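>>> Sequence first, predicted model second:
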Protein chains: 2
Amino acid sequence: MNKKSTKNDDNLNISFEEVKIHKLRRIPVVGGDVQHYITKNDPGFIEFGEVYFSRADFMKIKAWKRHREVTLNLTVPVGEVKFVFWNEMKNTFREIVLGDHFYARLTVAPGIWFGFQGLSTPTSLVASLTDMTHKPDEVDRREKTDISFQW
Amino acid sequence: MNKKSTKNDDNLNISFEEVKIHKLRRIPVVGGDVQHYITKNDPGFIEFGEVYFSRADFMKIKAWKRHREVTLNLTVPVGEVKFVFWNEMKNTFREIVLGDHFYARLTVAPGIWFGFQGLSTPTSLVASLTDMTHKPDEVDRREKTDISFQW
């Protein structure tokens, strides 16, 4: 498959097709930093449906999922996570690593397959904000091995 | 001061005055659990302003803060954090520990002083959802030592 790799260092302030990347502020505070995520006035915010969290255990891969209606806003407040996006129509892959070294929010439009992998021990945290509440029938899933990506 | 302590084991499904406690689901998933936080249909949700994160470093205390307008919905997706709420009018304290051992969301009404302390190494994460975007002039702050609570 035609794999387009994006190194983390190249990801600052860039976006690609169905995924917009918004750099976020991490404010140093004694006792524990404050980390922005999303406000209702931010680019990429549509409306509020739900926020939930997904752990990404070290080296574990969670893939593949595609939302047909939901726009996601993702970030990694703890640890490091590699995200891989697959555009099935164009058969192109894009990778990005979010977390302590590059703290940003991804706005993921409906229709793109994606998965992610934890890169930190023992686990990392992915926060997901959706623009509608959970509807199981708008999510498509494939087995990890169904899409031949070299994790 | 009149300190009312609430043991963590007693906290299941109870609420007190200005703070409502909502137990949350943590769903076991291979590769990393999924943890509910809040949907627009949940009790305690008013409207969406912002979500941000605060780290709570081990044994560090962040106190005191009071919102005059904002309702907060707080949870601890990673680690363990002790929250202390002080009702200035009644001079009563309430404590609760959230995190891995008791995963829940707190709805905190405006007008109550609160602070928190990280109980996990190296750090824990507090997620805060507000019902309006940040307005510095609706937040009151006091030094940790201004309120004589035995952390």
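Sure, I can see it. Everything numeric here is computed off the predicted structure, so don't read it as measured data.
>>> Would you confirm that A:Phe83 contacts A:Ala104?
No - A:Phe83 lies out of contact with A:Ala104 (CB atoms under 8 Å); the separation is 10.7 Å. Placement of C-beta: from N, CA and C, glycine included.
>>> Distance check, the residue lying farthest from the centre of chain A against B:Val139.
Distance to the chain centre peaks in chain A at A:Val30, reaching 28.5 Å (criterion: CA atoms, centre = their mean). Counting by CB to CB, to the nearest Å, the gap from A:Val30 to B:Val139 is 17 Å.
>>> Then A:Glu17?
40 Å.
>>> Equivalent analysis for A:Val126, please.
For A:Val126 relative to B:Val139 (CB to CB), the value is 29 Å.
>>> quick one: low-confidence parts of chain A?
A:1-16 (pLDDT under 70).
>>> Would you point out which residue is most central in chain A?
Centroid-nearest residue in chain A: A:Leu74, 4.6 Å away (criterion: CA atoms, centre = their mean).
>>> Which of the three states applies to it?
strand (DSSP: H, G, I helix; E, B strand; the rest coil).
>>> Give me every residue in chain A lying close to chain B.
Within chain A, the positions near chain B by CB under 8 Å from any CB of the partner chain are A:29-41, A:47-57, A:60-62, A:77-78, A:118, A:123, A:125, A:127, A:129, A:133-134.
>>> Now, of those residues, which are buried?
A:31-40, A:48-57, A:60-62, A:77-78, A:118, A:123, A:125, A:127, A:129 (16 or more other CB atoms under 10 Å in any protein chain shown).
>>> how big is the angle separating the helix or strand hosting A:Asp57 from strand B:50-57?
When elements are assigned from DSSP states H and E, A:Asp57 belongs to strand A:50-57. Computed by axes from the mean of the first three to the mean of the last three CA atoms, to 10 degrees, the angle separating strand A:50-57 from strand B:50-57 equals 40 degrees.
>>> list the helices and strands the next helix or strand after strand A:50-57 packs on?
As assigned by DSSP H and E, the chain's next helix or strand after strand A:50-57 is strand A:61-67. With contacts defined as 3 or more CB pairs under 8 Å, 6 or more residues apart in numbering or on different chains; DSSP states H and E, strand A:61-67 has these neighbours: strand A:113-118, strand A:139-141.
>>> Quick one: distance of the shortest one to the chain centre.
Here the centre of strand A:139-141 is set off from its chain's centre by 16 Å, with CA atoms, centre = their mean, to the nearest Å.
>>> cool, the longest one as well?
A distance of 7 Å separates the C-alpha centroid of strand A:113-118 from that of its chain, computed with CA atoms, centre = their mean.
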